[in-house]
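Visitor: I would like to see how this sequence folds:
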Amino acid sequence: MPTPASASVSASVPVPVPASAVARPVLATTALTAAAVLLAGCGTVTAGSGGSASPSVSAGPCGVAPTAPPEGWVRDGVRIVAVNDACAEFEMTNSGGEAVDVSVLFGWTGVGDQFGSNPTGTLTAVAPGATVRGRVETGRTATPGAPLVPAVRITRVRSVPTAEAPSQGGPCPASGVRLYADQGDAAMGLRVVGLHLVNCGTSPVTVDGYPQVQVLDEQHRPVDPLQVLKGGAAIATGTGADAPPQRIVLGTGEGARSTVVWRNTNDATSDPVNAPYLRVRATPDAAPVMVTPELDLGTTGKIGVGAWTIENARS
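Guide: Numbering: from 1, shown residues only. Here you go, the predicted structure:
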């Protein structure tokens with residue numbers, strides 16, 4: 001930032017001072033004040049209860065980074081950089097060989113005080129080897145007199161290849177179709193998640209029968225052994241996954257739906273299986289799309305996949 005220039009005058013004879021120069025000290029003072037304001041704007045510092053904090057150029061938008069990360073601040077290539085009442089700043093390094101889209105779920109480890117909701121931060125198209133930062137609003141419900149830096153932690157990190165990222169809105173993908181999973185429904189150990197396919201291109205899209213799916217673990221490795229059943233009747237009835245297969249031609253703006261069904265039940269025969277990802281191909285020759293239905297399969301070792309059925313058109 002610019003600083004006022006210094007000057008010195010040496011004279012043994014009084015020198016008349018022009019009237020116009022009287023304002024110069026005021027201008028210099030104003031410049032110094034402006035510089036201080038700009039310096040304060042380089043970072044944000046939140047004061048503790050009953051006091052104030054001086055601005056610091058080392059502070060970021062969410063406060064000052066700690067010298068050592070607290071417990072829960074580092075997970076799966078993501079670390080929290082700084083937290084204050086307004087926001088949490090995080091950083092992710094892509095150590096893989098392809099661009100990825102990342103979703104980071106934050107949680108609360110404190111007692112009595114908590115977030116209004118658990119915020120999720122997203123980063124898209126993070127290149128291989130790149131380190132990028134993101135920010136989420138904490139939405140914290142502050143308690144008077146409580147510490148301003150909450151006990152934040154990273155609860156979960158999920159990533160999908162950018163080339164396989166699901167699409168629910170925005171520009172139409174190069175494939176001409178959108179494919180995404182909904183939030184699903186869970187009751188008494190039964191899980192039901194819908195897969196939605198929308199033709200957002202200009203040419204007809206034909207689906208015939210069942211989508212092809214592959215269950216993947218946290219490292220994107222196939223889960224094996226695992227049964228993928230056609231239809232959901234072997235797991236539960238009345239889920240919408242039991243319609244007979246049919247050939248469907250989707251015009252522009254028309255959609256189809258498939259239903260994925262599983263149970264989270266456990267016995268002593270094996271270890272429970274938790275597989276976050278499902279790689280889906282709408283047709284055998286379609287480009288894959290990776291969705292994240294969080295498949296908590298227990299020890300059941302199977303999922304049911306329904307045939308494509310007509311769904312109301314979506315934009």
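Visitor: Met290: how many residues sit nearby?
Guide: Counted with other CB atoms under 10 Å, the neighbours of Met290 add up to 23. To be clear about C-beta, it is placed using only N, CA and C from the backbone, and glycine gets the same treatment.
Visitor: that one pairs with what?
Guide: Using DSSP bridges, the beta-bridge partners of Met290 come out as Arg279.
Visitor: from Val102, how far out is it?
Guide: Distance of Met290 to Val102, computed by CB to CB, to the nearest Å: 13 Å.
Visitor: next, the nearest residue to Ala287 once chain neighbours are set aside: phi, psi?
Guide: Spatial nearest neighbour of Ala287, excluding adjacent residues (CB to CB, 6 or more residues apart in numbering): Ser175 at 5.1 Å. Main-chain torsions, Ser175, degrees, to the nearest 10: phi -70, psi -20.
Visitor: strands of the stretch 51-200 of the chain, residue ranges please.
Guide: Taking DSSP state E, counting those that start in this stretch, the strands of the stretch 51-200 of the chain run over residues 74-75, 78-83, 87-93, 100-108, 114-115, 120-126, 131-137, 140-141, 152-161, 177-181, 185-187, 190-199.
Visitor: could you export those strands as TSV, including mean neighbour count?
Guide: Listed next are those as TSV, based on neighbours: other CB atoms under 10 Å:
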stretch	mean neighbour count
strand 74-75	14
strand 78-83	21
strand 87-93	21
strand 100-108	19
strand 114-115	18
strand 120-126	17
strand 131-137	16
strand 140-141	18
strand 152-161	20
strand 177-181	22
strand 185-187	10
strand 190-199	22
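Visitor: want to try a markdown table for those strands, with distance to Gly63 and mean pLDDT as columns?
Guide: Formatted as a markdown table, those follow (distance: least, CB to CB, whole Å; pLDDT from 0 to 100):
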| stretch | distance to Gly63 | mean pLDDT |
| --- | --- | --- |
| strand 74-75 | 17 | 95 |
| strand 78-83 | 4 | 94 |
| strand 87-93 | 8 | 94 |
| strand 100-108 | 15 | 93 |
| strand 114-115 | 16 | 59 |
| strand 120-126 | 16 | 96 |
| strand 131-137 | 11 | 94 |
| strand 140-141 | 13 | 59 |
| strand 152-161 | 11 | 95 |
| strand 177-181 | 35 | 97 |
| strand 185-187 | 37 | 87 |
| strand 190-199 | 38 | 97 |
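Visitor: quick check: which of the ones you listed is nearest to Pro276?
Guide: Comparing those by their distance to Pro276 (CB to CB), the top pick is strand 152-161, with 5.9 Å.
Visitor: elements contacting the closest one?
Guide: strand 74-75, strand 78-83, strand 100-108, strand 289-291 (3 or more CB pairs under 8 Å, 6 or more residues apart in numbering; DSSP states H and E).
Visitor: ok, back up a step: who's in contact with the residue nearest to Ala287?
Guide: Gly201, Ala286, Ala287 (CB atoms under 8 Å, 6 or more residues apart in numbering).
Visitor: what do you get for Ala82?
Guide: Per CB under 8 Å, 6+ apart, neighbours of Ala82: Ala59, Gly60, Cys62, Gly63, Val64, Ala65, Pro66, Ala88, Glu89.
Visitor: re the thing from before, redo the helices and strands packed on strand 152-161 as JSON lines? Include distance to Asn264.
Guide: Formatted as JSON lines, these follow (distance: least, CB to CB, whole Å):
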{"stretch": "strand 74-75", "distance to Asn264": "23"}
{"stretch": "strand 78-83", "distance to Asn264": "26"}
{"stretch": "strand 100-108", "distance to Asn264": "19"}
{"stretch": "strand 289-291", "distance to Asn264": "18"}
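Visitor: flag the shaky bits of the protein, pLDDT-wise.
Guide: 1-58, 109-116, 139-150, 313-315 (pLDDT under 70).
Visitor: helices of this structure, start to end?
Guide: Secondary structure of the chain by DSSP state H: the helices cover 24-41.
Visitor: before we move on, the earlier item: may I ask which two of the contacts of Ala82 are separated the most?
Guide: Ala59 and Ala88 (14.3 Å).
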